[in-house]
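Peer 1: quick one, fold the following:
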Amino acid sequence: MIMDIKNLLISKAKEIGVKVSPAQAEQFQIYLDLLLERNTVMNLTAITAPRDVATLHLLDCAALAAQLDLSGKRVIDVGTGAGFPGMVLAILTPDARFTLLDSLGKRVDFLKEVQTDLELKNVTCVHARAEEFAAEHRQSFDFAVSRAVANLSVLCELCLPLVKKGGAFIAMKGPDCADELNAAKRAIKLLGGEVEDVKKYLVPGTDATHSAIIIRKTADTPAKYPRRWAQIKKQPL
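Peer 2: Prediction:
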């Protein structure tokens with residue numbers, strides 16, 4: 001089973017133009033094992049079959065690496081949860097610097113354990129709320145990414161203030177995101193963003209199609225954003 005998962009990751013990633021080396025496949029296997037082990041005592045994933053974790057989590061996130069050139073960049077993963085997509089991208093892009101941000105301390109403790117076991121030098125795990133973290137790190141990152149399930153308008157207010165002008169926020173969504181994107185247009189403009197592209201991709205090893213919404217940061221985000229979480233939740237832009 002172990003070698004099957006490693007070979008699956010290497011072969012299926014190759015189909016989308018992402019190179020997974022044997023050493024990286026070994027890191028992914030350790031990550032997968034830790035995830036499923038810790039998932040028995042805390043809620044990290046509803047997907048528990050090893051092959052499904054490999055495809056629907058690891059390869060789904062790896063597909064994002066085929067859409068972006070992260071080399072040498074500073075990247076923040078907002079609402080990273082179990083490390084998706086940030087930890088996956090960090091394994092694949094060792095010369096980029098990743099900040100994995102989550103509001104739940106137990107998740108961040110898990111991510112630190114993964115970071116230690118994988119000996120990743122390019123990852124910083126932070127326990128904080130995004131709207132509070134933004135106060136000290138405004139426009140500090142080349143890219144913000146999020147696979148969180150929050151509405152796109154909400155995600156934009158949490159993520160775009162963290163991105164440098166000229167950088168981009170990438171939201172990972174399902175296949176049908178047109179209505180959500182249309183509803184977020186006002187928020188995107190207010191926050192200094194502009195929709196650059198919506199890339200559809202087939203999750204390797206599955207028949208599932210997902211979307212990567214790429215929002216380019218074209219102007220500085222007004223200082224009043226992000227607002228407090230209660231305001232964001234009650235009155236999305």
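
Peer 1: nearest the geometric middle of the protein, what residue?
Peer 2: Closest to where the C-alpha atoms of the chain average out (Cα atoms, centre = their mean) is residue 85, at 3.3 Å.

Peer 1: quick check, pLDDT for it.
Peer 2: As predicted, residue 85 sits at a pLDDT of 97.

Peer 1: could you list every residue that touches it?
Peer 2: 60, 61, 64, 77, 145, 147, 172 (Cβ atoms under 8 Å, 6 or more residues apart in numbering). (Glycine included, C-beta is placed from N, CA and C.)

Peer 1: where does residue 15 land on pLDDT?
Peer 2: If you check residue 15, the pLDDT there is 89.

Peer 1: helix or strand right after the helix or strand containing residue 28?
Peer 2: Element membership for residue 28, per DSSP states H and E: helix 22-38. Counting by DSSP H and E, the next helix or strand C-terminal to helix 22-38 is helix 50-52.

Peer 1: average pLDDT across that following helix?
Peer 2: In the prediction, helix 50-52 has an average pLDDT of 93.

Peer 1: how about stretch 8-23: buried residues?
Peer 2: 8, 9, 10, 12, 13, 16, 18, 20 (16 or more other Cβ atoms under 10 Å).

Peer 1: cool, and stretch 127-144?
Peer 2: For stretch 127-144, burial by neighbour count (16+ other Cβ under 10 Å) applies to 127-128, 130-131, 133-134, 137-144.

Peer 1: report pLDDT for residue 128.
Peer 2: pLDDT recorded at residue 128 is 97.

Peer 1: next up, phi/psi of the residue lying closest to it once chain neighbours are set aside, please.
Peer 2: Sequence neighbours aside, residue 101 is the residue nearest to residue 128 in space, at 6.2 Å (criterion: Cβ to Cβ, 6 or more residues apart in numbering). Backbone torsions of residue 101, given as degrees, to the nearest 10, read phi -110, psi 130.

Peer 1: does residue 101 touch residue 80 like I think?
Peer 2: Yes. The pair residue 101 / residue 80 is scored as a contact, 6.1 Å apart, by Cβ atoms under 8 Å.

Peer 1: identify all contacting residues around the helix holding residue 28.
Peer 2: Contacts of helix 22-38 with the rest of the structure, by Cβ under 8 Å, 6+ apart, involve 2, 5-7, 9-10, 20, 44-45, 48, 50, 53-54, 58, 82-83, 87-88, 91-92, 110, 113-114, 117-118.

Peer 1: which stretches of the protein form strands?
Peer 2: Listed in chain order, the strands of the chain (DSSP state E) span 74-78, 97-102, 123-127, 141-146, 163-173, 193-202, 209-217.

Peer 1: what ranges in this protein fall below the confidence cut-off?
Peer 2: For the chain, residues meeting the criterion pLDDT under 70 lie at 1-3.

Peer 1: of the contacts of residue 85, which is the most crowded?
Peer 2: Counting neighbours by other Cβ atoms under 10 Å, residue 77 comes out on top of those with 32 neighbours.

Peer 1: ok, the nearest residue to that one once chain neighbours are set aside - contacts?
Peer 2: Using Cβ to Cβ, 6+ apart and skipping residues adjacent in sequence, the residue nearest residue 77 is residue 86, 2.9 Å away. Counting by Cβ under 8 Å, 6+ apart, residue 86 touches 75, 76, 77, 80, 98, 99, 100, 123, 145.
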